[in-house]
Each structure stands twice: as structure tokens, then as C-alpha cells.
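# mind folding the following:
(4 chains)
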There are 2 protein chains.
Amino acid sequence: MVNICFGWIHWRQQYSLKAFLTRGRAVSKNNTSVVASLRQWIREGRYPAGERLAELHVAEHLGVSRTPVRLAFRTLEQEGLLERAGQRGYRVRAFTETDILCALEVRGALEGVAARRLAEQGLSTALEAQLIDCLDRGHAVLEKGFLEADDVTVWSELNECFHTTIIGSIGSSVIGDALARNDHLPFASADSIILDTQALDREYRKLHVAQTQHQTIVQALRQGEGARAEMLMREHAYIGLRYGELLSLDPPDRR
Amino acid sequence: MVNICFGWIHWRQQYSLKAFLTRGRAVSKNNTSVVASLRQWIREGRYPAGERLAELHVAEHLGVSRTPVRLAFRTLEQEGLLERAGQRGYRVRAFTETDILCALEVRGALEGVAARRLAEQGLSTALEAQLIDCLDRGHAVLEKGFLEADDVTVWSELNECFHTTIIGSIGSSVIGDALARNDHLPFASADSIILDTQALDREYRKLHVAQTQHQTIVQALRQGEGARAEMLMREHAYIGLRYGELLSLDPPDRR
DNA sequence: GAGCTCTACTCTGGATCCAATAACATATTA
DNA sequence: TAATATGTTATTGGATCCAGAGTAGAGCTC
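Numbering: from 1, shown residues only, chains lettered A, B, ... in the order given. Presented below is the predicted three-dimensional model:
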């Protein structure tokens, strides 16, 4: 089991640096969704990898009946967070470094395909304006040369906006669905967050590079260079490895 | 809704040509898995796209209680076959031509990544022998220059073996899982199968090209040429469009 | 005749109950 | 002492029941 801080792949749910900065665990208050609670608990390490989960125990733990837990187990199994332990319940899945690298490659490949399709079908003026707006606002956040706590939140929301805009504009949800399923993999656990005082500095460098990459991607999209857009987007997926908190893994060399 | 025969993306469950040839619907006898039955029914068009499904009705239809149906609905929703119809149950999802193309691209991209990783990490002699064995047996099937009904079955099993061997050898199930989820999309329905007397001829040409592509892929894998293996595998994913039954769609030009 | 309201029905979500099964532990016999 | 048989327990899977919410339709009013 890899034990590292890894917030980047989860730009949809920035819980690592943001949670650390605000000193508040983003625990969902409404227990409406058992699935969400279980995801959270697994991410937090409350159910560590390898732990065997039984419907009844989890149900009591959550204060609900077995039925919603059963549904949640199926869902989480499909997402890859749980695996069947024979007839003896489910087990929290452990992830290796290879798994993490593969998930990054999957992300890069899928977003790359989306970028290529978008470049080939051409940007509408409205879409182009939307992307440029994301870029401008991201630029504004990074302009002052350093980060404050809120800046990370703002920028990661813009980042999310940038990516979802691209994914949502290719006229099919198939790629986005595949991507969303991939993103459920929990490669961060709250107790593994190791941030030093230089965290914001490091984060700034990362965001700066990401911002530049975004600009280059939009450029390729505008010029209809599908292959280049795809290549750039794939490289972009590794930014967490190159400039982030993942220290023990080497990003693949690809150009 | 696209209404075409499209068996290739489902090399794990060859139901189109094979089912036609054997004149037997591959209806699952054991009703153990409600999910499988529902998938089958949706593929067969028994529940056409847009149809609203209610738990109770489907449960009666299947002769089981609501509980397993509810589980199945969640599963199928995650797989992308069903979508929520507000608070009024689920709806069978309709797929556009773009969806199909995207699914093919996703398949190509993911298998491409797998091929690249495998080439980069190097083939073990055992794995190499396994792949070569697949190739040889596939070659033997196609050697006589024409196809009989059983040949299609045999070759598609070998095809499946070839692909799963590659996917299963990269040391992580993440890519394989993403691929498996993508493959659940039902792009074939039994009533849309339009096969003429030249079907076997056409199929032979397709299989022949696929066989050649497999050989080229193994060659690239053996020589450790990751980028080439990836490119070949991605192109391979479009064989259904180039030589198969999909007539109305143009495969992307990519080289 | 049109629009609003109320009621009944449909459908989902959760809880609980019952059956089946696999694993584990214990006892018995060769 | 070891192997097999048997009983117990833990756990899943399915069925049914109950509550809540949303929708549609009928009826009433202006």
C-alpha cells in the first residue's frame, strides 16, 4: 500500500492541501449518501487497505440498515475501492505504485482523446471564450507570485472548470463517464498528508506550470492541432508527479 | 439512437455474428444474475432506448423481488446503460454515433496505454510464448482461406485471449477495470443484425487483418517499442469500423 | 371553458425478516 | 494422533413491509 499525499488526480475533490490549510476535515454532514461516507472513510484511512468489511458491521457503524450498505458495497466494488473477499464480505482494496501510475496514464489518455476530438471538431466561439475566461482568472490568482490558502481553493476550482468544460464539450459523455469512474480511486488518505512550510511554495510552482500548460492546450485547441492537444493533455496529467507531493514515483518520460 | 450491428467492441461476449450463425439467442438460462439478464434484454432491444423502467415491473418481469432489481439498476446506471429519470425510476440510455466513436477511442487509448507499458517493461518469455501461441492458433483458423461458423467462435475466443493476456500482464488491474467498464456499453442489438450471404467473407477479411495487426503488435512488444505498440493498438481498436459491420461511421484518420 | 387544488396512486428508499451457505470449531472414530 | 463428520456461527441474498415523495388525474371554482 502506497502511503503518500496525492491530491492532484482528485482535482474534483481537493481535500489534501485545502483540507490541511483550512484545518477542517471535509466530512459530509448529511449522511444521506452511504457511498459518499464510505468513500470518505476509506480515504481517511478509517477503513485501511485490506480491512474486511461486513454489511452488518458497517451498517451499525453508519447507523443505517443493511440495505443501503449493500447498495454502497456494490457501487464501491465497481469503482474499484472494494473487492470481494470470497463469500466473506468485502475487503478494502490496496493500491500499488503501479496502480497509481496506471490511473494517471488512464486519466491522461482519456483527457488526451477528449482534447484531440475537441481540436478536430473545432472550438465554438462561446467555448473558446469560456476557456479563455478560465485561463484569465487562473492567471489572476497566480499573478502576485505567491499563494495564500484561499488561492489554492480558487485555482483548483478554476482547474476543475477548465477540465470539465473540455470534457463536456465533445458531444458525448462516454469519455467523461470513464474519467469519472477512474477518479474515484482513493489515492490520498488524510493521515498521510505530509506538508511542510514550503508546501505553498511548492504548490505555487506546480500551479504555475499547470497554468502554462492550460494555455498551451487552449492554443493547440484553437489551432485545431488535435495530435498536439492530445500530447499536451497527456503530459499535463503527470504534473502531480513532476511538481507535486508524489516523491517516490518517476513520471514516464514521453515526448 | 444508432441501429447497427456492432459486435467487435464486445469481443468478450461475441453475440452478434455468432448468435446469428448459430441461430440461437444466447439467453442466460440461470436467472442468478439479474444484471446479466437486464444487460441481455437491453442489448436485444427488449427494453428499447428511452424506455422507462420501474423496479416493480422489472422485478415481476424477471420473477424476482425488488431488492435484486434495485441492485442491478444501480450497477447498470454506473455502467452507463441506464440513467436516472428524475425521481421516477430509470430510463434506458440512448447512444449516439458520437458515443460509439468515443467508446472506440476510449478502448483504443486504454489498450494502447497497456501495450506501451508492456513493451516498456519487457515481455517475459512465458508471456511471449503465450502470445505467440494465440497468434499461431489464430493463424491456423484463418489458414484455409475461408470461414465456417465455428471458426468465428474459435477465433474470437483467441482474440479475447490475446487482449486479456496483454491487459492482465501489466501489473495493475486499473487499466483493465476501466476497459471492462467501458465494454459494458451495449452497441449491438439483436434485431439490428443485418447480415447478408457475404457476411462470412467480410468477416474473414476482417479477421485476417486483425490477425496481421496482432502479429505486428507482438512484434512491437518484443522489440520494446512502446510508442509503436501503443499506436498499433489504438489503430487496432477501429478494425470494426474499417472492416466490420459499421457502415455509417467513418473511423478517424490517424497515423 | 380554463385554471387551481386536492386526492389517490405510483414509485423509490430504508428496515426488517427469512433462507441458504460457507467457514470455523468441536467432537468422534479409526 | 489424524482425519472425518457434525454442529454452530457469521454473513450474504432475497422477500416483504412501511414511510415518504412526487406526479397525474379528477373535480371544483371562477
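
# for stretch A:184-202, what is the average pLDDT?
Along stretch A:184-202, the predicted local confidence has a mean pLDDT of 52.

# and for residue A:235, the neighbour number?
The number of residues packed near residue A:235 is 19, by other C-beta atoms under 10 Å in any protein chain shown. In this view, the C-beta of every residue, glycine as well, is placed from N, C-alpha and C.

# and the gap between it and residue A:212?
When distances are taken as C-beta to C-beta, to the nearest Å, residue A:235 and residue A:212 turn out to be 12 Å apart.

# equivalent analysis for residue A:40, please.
For residue A:40 relative to residue A:212 (C-beta to C-beta), the value is 33 Å.

# again with residue A:69
Spatial separation of residue A:69 from residue A:212 under the definition C-beta to C-beta is 45 Å.

# okay, the two: which has more neighbours?
Between residue A:69 and residue A:212, counting by other C-beta under 10 Å, residue A:69 is the more crowded of the two (23 against 12).

# so which residues on the stretch 51-200 of chain A come close to chain B?
Taking C-beta under 8 Å from any C-beta of the partner chain as the contact definition, the stretch 51-200 of chain A meets chain B at A:67, A:70-71, A:74-75, A:78-80, A:96, A:98-99, A:101-103, A:105-106, A:109-110, A:112-113, A:117, A:120, A:170-175, A:177-178, A:181-182, A:185.

# cutoff 7 Å now
Residues of the stretch 51-200 of chain A found near chain B (C-beta under 7 Å from any C-beta of the partner chain) are A:71, A:74-75, A:78, A:80, A:96, A:98-99, A:102-103, A:105-106, A:109-110, A:113, A:171-172, A:174-175, A:177-178, A:181-182.

# pick out the residue of the stretch 51-200 of chain A closest to DNA strand D.
residue A:89 (2.9 Å; C-beta to the nearest atom of the strand).

# hmm, that residue is touching residue A:53, no?
Yes - with contact defined as C-beta atoms under 7 Å, residue A:89 reaches residue A:53; the gap is 5.7 Å.

# neighbour-wise, which of these two wins?
Neighbour count, other C-beta under 10 Å: between residue A:89 and residue A:53, residue A:53 has more, with 22 against 16.

# tell me the contacts of the more buried one?
A:47, A:82, A:89, A:90, A:92 (C-beta atoms under 7 Å, 6 or more residues apart in numbering or on different chains).

# identify the bridge partners of it.
residue A:90 (DSSP bridges).

# relative to residue A:209, how far out is it?
For residue A:53, the distance to residue A:209 equals 39 Å [C-beta to C-beta].

# likewise residue A:202?
Relative to residue A:209, residue A:202 is positioned 11 Å away (criterion: C-beta to C-beta).

# which non-adjacent residue is nearest residue A:223?
Using C-beta to C-beta, 6 or more residues apart in numbering or on different chains and skipping residues adjacent in sequence, the residue nearest residue A:223 is residue A:119, 7.8 Å away.

# could you export stretch A:170-186 as CSV, CA atoms only?
Coordinates of the C-alpha atoms in stretch A:170-186 are reproduced here as CSV (Å, rounded to 0.1, in the frame of the first residue of the first chain):
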residue,chain,number,x,y,z
ILE,A,170,-17.1,16.8,-27.1
GLY,A,171,-20.7,15.9,-27.7
SER,A,172,-20.6,12.6,-25.8
SER,A,173,-20.5,11.7,-22.1
VAL,A,174,-18.8,8.4,-22.7
ILE,A,175,-15.3,9.7,-22.1
GLY,A,176,-16.4,11.8,-19.2
ASP,A,177,-18.0,8.9,-17.6
ALA,A,178,-15.0,6.7,-18.0
LEU,A,179,-12.9,9.5,-16.5
ALA,A,180,-15.3,10.0,-13.6
ARG,A,181,-15.1,6.3,-12.7
ASN,A,182,-11.4,6.4,-12.8
ASP,A,183,-11.3,9.4,-10.5
HIS,A,184,-13.0,7.5,-7.7
LEU,A,185,-9.8,5.7,-6.9
PRO,A,186,-8.7,6.9,-3.5
